[in-house]
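Trainee: Would you be able to build a 3D model of this:
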Amino acid sequence: MHKSTFEEEINKTGKLIYTNVGDSMMPLIRQGKDLLIIEKVNGRLKKYDVPLYKRDSGQYVLHRILKVRKNDYVICGDNRWGREYGIQDRHIIGVLTGIIRDGKEISVNDKKYKIYVHLWCDFFWIRAFILRTKHFIKRRLK
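Mentor: Residues are numbered from 1 along each chain as shown. Have a look, this model is predicted:
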């Protein structure tokens, strides 16, 4: 039986529903618990969108857009402080449109979701400081 890729699934149905691996989008997305709804992209993405993209290395990533530039995007996971540059439209497979948590769907258009996004991203420097401090303490304790 052929296992389809993310690209094949989105091209075939226009939608992909899967559970993620990794903690880079915590606290929004819980690894192995939440289902993600990814849909086909129409046009350029906007600040705060969460694209599923494929790096040149072949690695799939789901991170948030912090800045839209003329030829690329500046992207970072919600649980990361390092920004990624150079992600272009050719890398993008789809965009997050909803999360299914404990059987309930949360749309990216939901008011609570939008409040979270603005608090989490507009104060990026505070988040980066907290995450770096947490990382530093963990390394010191080892």
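Trainee: Can you check which strand is longest in this protein?
Mentor: Determined from DSSP state E, the single longest strand within the chain is strand 92-101.
Trainee: List the buried residues in it.
Mentor: By neighbour count on 16 or more other C-beta atoms under 10 Å, the buried set for strand 92-101 is 92, 93, 94, 95, 96, 97, 98, 99. For the C-beta atoms, the positions are set from N, CA and C on the backbone; glycine is no exception.
Trainee: which residues touch the fifth one?
Mentor: With contacts defined as C-beta atoms under 8 Å, 6 or more residues apart in numbering, the neighbours of residue 96 are 36, 37, 38, 49, 50, 51, 52, 62, 108.
Trainee: And the nearest residue to residue 4 once chain neighbours are set aside, which helix or strand is it part of?
Mentor: Spatially, and ignoring its direct neighbours in sequence, residue 4 is nearest to residue 12 (7.3 Å; C-beta to C-beta, 6 or more residues apart in numbering). Under the criterion of DSSP states H and E, residue 12 resides in helix 6-13.
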